[in-house]
Every structure is written in structure tokens, then in C-alpha cells.
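>>> Any chance you could fold what I've pasted below:
(2 chains)
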Protein chains: 2
Amino acid sequence: MLIIGERINSTKEKVKGAIGSRDAGFISGAARSQADAGADYIDVNCAVTLGSELQDMDWVLSVIQNEIPDANICIDSPSYLAIEAALKAYHSKGSLMINSISGDEARIRSILPLAIKYNTKLIALTMDEKGMPQTGNDRFEAARKIYERVKKEGFDVGNLYFDPLIRPIATEPDQAVEFLRSLPLIKGLAGAKTVCGLSNVSYGLPNRRLINASFLTMAIHAGLDAAILDPLDKYIVSSLRTSGALLGTDEYCGKYIGAYREGKLI
Amino acid sequence: MLIIGERINSTKEKVKGAIGSRDAGFISGAARSQADAGADYIDVNCAVTLGSELQDMDWVLSVIQNEIPDANICIDSPSYLAIEAALKAYHSKGSLMINSISGDEARIRSILPLAIKYNTKLIALTMDEKGMPQTGNDRFEAARKIYERVKKEGFDVGNLYFDPLIRPIATEPDQAVEFLRSLPLIKGLAGAKTVCGLSNVSYGLPNRRLINASFLTMAIHAGLDAAILDPLDKYIVSSLRTSGALLGTDEYCGKYIGAYREGKLI
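Sure, this is the predicted structure:
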């Protein structure tokens, strides 16, 4: 299970403020705490700071690399220019991931060459110009087209992570089921992996962390390979550690027992 | 999801004591609280009170029926005689379930006629004289043989609940995976349903309720139809309510929101 830490995201007010005021301690602390909690990649999103995303991305990356010289970074931006700037600003020994392309041809044309040039992992949303997928099969069909498209360009499909796009169950009760159904279908594409963010699933409901954690447990059972999440959230840690113990990926339940002893479980 | 409340079980010291001292308030309270918490059936196990099981079963059933005249009862005993006595002692308007037969021929011959005569639901453990199943396919094969056997005798297979027997992951790390694999296989037998007790899975690990609840979440996702559990356990309630919301069986997430408002979630 690949963990992408989501805490450095400018849609959160505190993060936006810290980026705006160049509070290096806040950013380096958020990177360090997530890495210590087991994040394999640190997601960096500066997209809310309109007009200054390129400079902000550059500054945040320098702060993180100063704190953790071999940090793996997931560059999260709707802007091709911000992604390119981030790739150039990254000089560490770690690995890179780009979040994200979709089936949108313009986005593939601008971002895929960068992913190939810089040898990054790449998240692909299972949607295209026509809009959001409804069923599990819609998600698979969108993934299949992207898979063929990027494979033809020479991209290593072993570095491809499909995000089947979870939507709120409060307003669309079938969407968690359709998402979960799509996971084994997409993983049928040789080499392809799956990833998701969690929090959309619980939008509009109380006690959202609990819904997010149960959804994560089901998704891991269904074969999810990676997740964008808060590795410091006790509900999430409980889901990750119990899932590892139950599915036999945590040898002798060692990580589960360790998390229990360190008080990290609910 | 059919809930079988597990609290009236004589392997628990308090329950054994209450049965021994004929503490009707304790037993009726345990039945009432489980029914109020959503138990569809009340499991009754008096098997630990050696030598007096028949009289104990008779007394416990009279107490429960006095408290809840239409209670559905799950009669849980290794003894054919205790099951027969319980079936005779039950005079309520509710339904009955017998826990359990297995592939053991002597047990089928003694209990199946009772299940047919009294028109009960019937739990069948997916094992036979040769011992416990190891893989998901072992569990399916044991279930298939029992299915054919009881169908031939005229038992309504729609009343058949297979328990694929979970074992501790602390000592056998592949057993949760093999159990989960067996569920869709067994449900492929037309009409057959699945059931399980949870707590064996976490034997030997700390914070067992958390492991049990995550296992329940995965099992529900894999198609589990019924579970023997404590309906007052917050971890379990959280698993049941989030699973219903996520899998679209809880309309408008009404039960989830209700449980949240009543403080029943972790």
C-alpha cells in the first residue's frame, strides 16, 4: 500500500496561510510528521494561491527538500506550467509522482511528455472531456482508453495509477459500490495500479473520518494499491493497520501491534 | 444484514453465573438491550453449564419469551437433546434458528429432521469429520456437500446459512483472506446465505474489537448475509452503519445519521 500524505494542500486555510506568509517551519513540520507516520510520498498542492502557484510550488519544494533530502514528492496541480516548474525545482534523490492527467487530450499532450522525460509515476483520473463516470464499467472504459494512449507513447504502465473518482454517497448512494467494482476491472490492465482520495465519499455526512476509514478498508479489500490520505488520522491508521493484519501483508501483525503500543489506533 | 446477538452465551462468566443463580433480570435485560440495538435473533448458549443444559435452556427461553413475546431465537448448542428441548420450549410468535450442523453425518441425521419439523433457519459450519477447512475452496467444497445433502432431504435451502469458520490471523495469517474468498463461492449455491462469528479472527492480538470490526466491514463488502456479534459494541455498530451507508443498503444514510445522533458510533 503506497501512502501519499495529503496535508500540504492549499485548499486548507492553515496551509494556504503558511504558504502565503512563507512559514517554513509549518511546511517542513507537515512534511516531517507525515514522513514519520509512514507517508511514502508527500503531496504538494499550491493551486489555491492564485497567480503565484509557480513561485509557491518552488518555495514549498525547497522547504521540503531541505527538511527531507530524499523526500518523494507528488506534484498536485491543474496547471501544466506549475507541474513543469516543480519538476525543474526538484533536485532530490527521491521519486516523483504527477497528480494528474485524465482522458482529456490536451492534458495528456502537455503532461505526458513531462512524466516520460522526468520518469515519474503518474495519476490518471478515469474521466474524459465528456465528464464524470457513473458506473464501474464507465470507470474501466475511461481507464482502458488512457492506458492504451499512454502505452503507445512509451510511458511505463507500471508507473500508472488510476483514480476512479469517488463521489459523495449522501447524494449518490450507488457511487461507493460502483467505485469498488471498478478496482478489479482496472487492475486487469496489465501493470496498472489504482489510487484514490477518500474524503469526497463522506461529503455531507457527520463523523466523516469514520466513513472515510470504512471506505478505505473496503477499497483495500477490493485491491486498492495507493491512497491520498492523512497518515496522522487515527481512524485512517486503524484502517491501514487492521487491513494489513487481516489481508496478511503485515507479517506477524507487527505493524498493527506496533501502532497499538504507540497509541496510534482508535 | 441479519444480526444475531451473541451476549447470552454461557462461555462468558457473568452469563454463566446469571444462569446458575436463575437471575432473570440479567437474562431479560441482555435480551431486551440486544433487541433494542437491532438484533434480529437472540443467540442462546447454555452449553457450559455441564449436566444442566436442558433445564437451563428451558429456563432462559422462558425468561426471554416473557420479556419479548415475539423474540426470534437462535439455539446454540453442541447437544442434539438440548436443541430438541429448546424447540419444544419455544412457544412464541417469532422465528427460530439452529446453530449448528456441519458435514458430520451423525449431526445431520440428528438435527436436520428437527430443523425441517420446526421450520427453522439452520447454520451449517463448512467442515466435516475430517476437520477444519484451510482454503476458500475447502470451505466451498464442504458447503457444497452439505447443501446437496440437506436439499435432498427436503430442507428449504433459502433457510441455510453457511459459517465458513474464521480462525486467528495472529497464528494463521492467510485465514481471513481464505474466509473472505469463500463468501462469493458459497453464495453461488442458489439460495444459500453466509454467516459468521467474528471474535476468533482477533484471538491473541490487542484491541480485538477494532480487528473484529474491520473484518466485519470486509466481510460485508464480500457479501456476508448475517453475523453473530454484540450489537451494543460501538466498533461493531460503526462497522454496520458505515457499511450500510457505503454499500447503498441504508437509504439516505438514515440509519448511519441516526446512530451518530444517538452517540452509538466511535
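
>>> max-length helix in chain A?
With secondary structure taken from DSSP state H, chain A has its longest helix at helix A:136-152.

>>> Past that one, which element shows up next along the chain?
On the C-terminal side of helix A:136-152, the nearest following helix or strand under DSSP states H and E is strand A:160-163.

>>> Next SSE downstream of that following strand?
Past strand A:160-163, heading to the C-terminal end, the next element that is a helix or strand (DSSP H and E) is helix A:175-187.

>>> could you give the angle of that next one to helix A:136-152?
Going by axes from the mean of the first three to the mean of the last three CA atoms, to 10 degrees, helix A:175-187 is angled at 30 degrees with respect to helix A:136-152.

>>> Tell me which residues are up against helix A:175-187.
Residues outside helix A:175-187 that contact it (CB atoms under 8 Å, 6 or more residues apart in numbering or on different chains): A:126, A:133-140, A:143, A:162, A:164-169, A:192-194, A:196, A:201, A:215, A:218-219, A:222-225, B:221, B:246-248. Yep, even glycine has a C-beta here, placed from its N, CA and C like the rest.

>>> Show me what secondary structure element comes after it.
On the C-terminal side of helix A:175-187, the nearest following helix or strand under DSSP H and E is strand A:193-197.

>>> Give me the helix or strand of chain A that scores worst on average pLDDT.
Confidence across the helices and strands of chain A bottoms out at helix A:80-89, with a mean of 93, counting by mean pLDDT, DSSP states H and E.

>>> how about that helix: buried residues?
Using 16 or more other CB atoms under 10 Å in any protein chain shown as the test for burial, helix A:80-89 gives A:A82, A:I83, A:E84, A:A85, A:A86, A:L87, A:A89.

>>> next one: stretch A:119-135
Using 16+ other CB under 10 Å as the test for burial, stretch A:119-135 gives A:T120, A:K121, A:L122, A:I123, A:A124, A:L125, A:T126, A:M127, A:D128, A:P133.

>>> Stretch A:41-52 too?
Judged by neighbour count (16+ other CB under 10 Å), stretch A:41-52 contains these buried residues: A:Y41, A:I42, A:D43, A:V44, A:N45, A:C46, A:A47, A:V48, A:T49.

>>> now these as TSV including pLDDT and distance to chain B?
Converted to TSV, these look like this (pLDDT from 0 to 100; distance: CB to the nearest CB, whole Å):
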residue	pLDDT	distance to chain B
A:Y41	98	24
A:I42	98	27
A:D43	98	24
A:V44	97	30
A:N45	97	26
A:C46	96	32
A:A47	91	29
A:V48	88	29
A:T49	67	34
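
>>> So which of those sit within helices?
Using DSSP H, none of the buried residues of stretch A:41-52 sit in helices.

>>> In these, find the pair that's most separated.
When these are compared pair by pair using CB to CB, the two farthest from each other are A:Y41 and A:T49, 21.2 Å apart.

>>> quick one: the longest helix of chain A to chain centroid distance?
Helix A:136-152 has its C-alpha centroid displaced from the chain centroid by 19 Å (CA atoms, centre = their mean, to the nearest Å).

>>> What lies in contact with that helix?
Where contact means CB under 8 Å, 6+ apart, the residues beyond helix A:136-152 that reach it are A:101-103, A:108, A:112, A:122, A:124, A:126-128, A:133, A:157, A:160, A:162, A:164-165, A:177-182, A:185-186, A:189, A:192.

>>> For that helix, give the mean pLDDT please.
Averaging the model's pLDDT scores along helix A:136-152 yields 98.

>>> Run through the residues that contact A:D174.
A:D174 sits next to B:G248 when contact means CB under 8 Å, 6+ apart.

>>> Bridged to the most centrally placed residue in chain A, which residues?
Taking CA atoms, centre = their mean as the criterion, A:I228 is the residue nearest the geometric centre of chain A, at 3.4 Å. The residues listed as beta-bridge partners of A:I228 by DSSP bridges are A:I4, A:G197.

>>> ok, it touching A:E6?
Yes. Using CB atoms under 8 Å, A:I228 is in contact with A:E6, at 5.0 Å.

>>> got any residues that touch both of those two?
With contacts defined as CB under 8 Å, 6+ apart, the residues shared by A:I228 and A:E6 are A:D43, A:G197.

>>> on that earlier part again, alpha carbons only: can I get the longest helix of chain A in CSV?
Output in CSV follows, covering the C-alpha atoms of helix A:136-152 (Å, rounded to 0.1, in the frame of the first residue of the first chain):
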residue,chain,number,x,y,z
GLY,A,136,-17.8,0.8,-12.5
ASN,A,137,-17.6,-0.1,-16.2
ASP,A,138,-17.6,3.6,-17.2
ARG,A,139,-14.5,4.0,-15.0
PHE,A,140,-12.9,0.9,-16.5
GLU,A,141,-13.6,2.1,-20.1
ALA,A,142,-12.1,5.5,-19.4
ALA,A,143,-9.0,3.8,-17.8
ARG,A,144,-8.6,1.5,-20.7
LYS,A,145,-8.5,4.3,-23.2
ILE,A,146,-5.9,6.2,-21.2
TYR,A,147,-3.9,3.1,-20.7
GLU,A,148,-3.7,2.4,-24.5
ARG,A,149,-3.0,6.0,-25.2
VAL,A,150,0.0,6.4,-22.8
LYS,A,151,1.4,3.0,-23.5
LYS,A,152,1.5,3.9,-27.2
